[in-house]
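Enquirer: Output the structure for:
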Amino acid sequence: MKELFFESIDSTNTYLKRNYEDLEDLTFVRADLQTAGKGRNARKWSSSKGKNLMFSLLVKDKKVMKAFGSLSVLSAYAVLKVLESYGIEGLSIKWPNDVYVKDKKICGILLEGVSKDEMECLIIGIGINVNEDHFEGDFLHEPVSMKQILHKNVDLNKFKEKIYDLLIETIDSIRSGTDLYEKVIAYDYLKGKRAYCLIDGLRKEVSIIGIDADYSLKISDEGEEKNIFSDEITFHL
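Expert: Next comes the predicted model:
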């Protein structure tokens with residue numbers, strides 16, 4: 001495991017996309033400030049300098065890359081378990097890439113791939129609200145930080161080490177074929193909810209059955225069960 005740190009960078013995901021060929025598998029790239037950080041669907045991810053944990057992890061192992069469909073959810077699960085160790089309650093995974101505390105977002109994950117003739121690498125970008133005091137602007141989902149919940153600052157370096165360690169442990173479980181599905185579904189935020197979804201460009205109200213064993217999302221659309229993958233759906237709860 002190797003870590004590269006920048007006080008300021010455009011985006012840790014973008015850095016890895018530019019430089020992955022020269023870096024080893026499981027390289028972490030972390031920054032105190034990202035000037036062009038982003039989330040899913042090109043949304044901007046903003047954060048005060050030095051207050052939160054923002055990093056990307058490079059994955060070049062072919063076996064792990066084949067688990068593309070599960071990596072976002074499993075990464076969210078790793079983050080959730082560390083947050084839980086700090087005594088934070090009401091945690092859940094909002095498929096496919098967010099960690100919630102009750103109905104507020106504390107972590108966002110962006111999974112990106114680099115392909116030429118075949119998949120070259122995967123990049124897992126993670127932003128966790130740690131010591132943010134307040135959030136300004138309009139948000140699709142209301143954010144919350146560890147500090148706001150715990151009413152104290154969190155040691156960012158210790159927290160980082162716990163996150164890194166559990167992410168590596170999670171990736172090792174993928175390599176070994178260990179199935180975490182039964183543990184993950186205990187934290188399914190969307191299960192049993194109804195939501196308006198954009199499916200193939202059409203806005204529909206569907207019932208959400210929950211995260212399926214292949215880490216897709218099973219929904220019921222006018223009584224017909226369907227499995228949806230992360231690039232096929234946008235939720236409006």
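Enquirer: Please list all residues in contact with residue 80.
Expert: 91, 92, 93, 99, 107, 187 (CB atoms under 8 Å, 6 or more residues apart in numbering). C-betas here are computed from N, CA, C, even on glycine.
Enquirer: Can you pick out the most distant pair from the residues you listed?
Expert: Greatest spatial distance among those (CB to CB): 107 and 187, at 12.4 Å.
Enquirer: These two: who's more crowded?
Expert: For residue 107 versus residue 187, neighbours defined as other CB atoms under 10 Å are more numerous around residue 107 (28 against 20).
Enquirer: Output the helix or strand hosting the more buried one as PDB, restricted to C-alpha atoms.
Expert: Using DSSP states H and E, residue 107 falls within strand 104-115. Written as PDB, here are the backbone C-alpha positions of strand 104-115 (Å, rounded to 0.1, in the frame of the first residue of the first chain):
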ATOM      1  CA  LYS A 104     -28.400  12.700   5.900                       C
ATOM      2  CA  LYS A 105     -25.400  12.000   3.700                       C
ATOM      3  CA  ILE A 106     -22.100  11.500   5.400                       C
ATOM      4  CA  CYS A 107     -20.100   9.800   2.600                       C
ATOM      5  CA  GLY A 108     -20.200   9.700  -1.200                       C
ATOM      6  CA  ILE A 109     -18.300   7.300  -3.400                       C
ATOM      7  CA  LEU A 110     -17.500   7.600  -7.100                       C
ATOM      8  CA  LEU A 111     -16.300   4.600  -9.000                       C
ATOM      9  CA  GLU A 112     -14.600   5.200 -12.400                       C
ATOM     10  CA  GLY A 113     -12.900   2.900 -14.800                       C
ATOM     11  CA  VAL A 114     -10.200   3.500 -17.400                       C
ATOM     12  CA  SER A 115     -10.400   1.400 -20.500                       C
END
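Enquirer: which of the residues in that strand are buried?
Expert: Of the residues in strand 104-115, 104, 105, 106, 107, 108, 109, 110, 111, 112, 114 count as buried by neighbour count, 16 or more other CB atoms under 10 Å.
Enquirer: for that strand, packing partners?
Expert: Judged by 3 or more CB pairs under 8 Å, 6 or more residues apart in numbering; DSSP states H and E, strand 104-115 is in contact with helix 12-19, helix 68-85, strand 98-101, strand 119-128.
Enquirer: Please state the offset of stretch 87-105 from the chain centre?
Expert: Centroid displacement of stretch 87-105 relative to its chain, using CA atoms, centre = their mean, to the nearest Å, is 11 Å.
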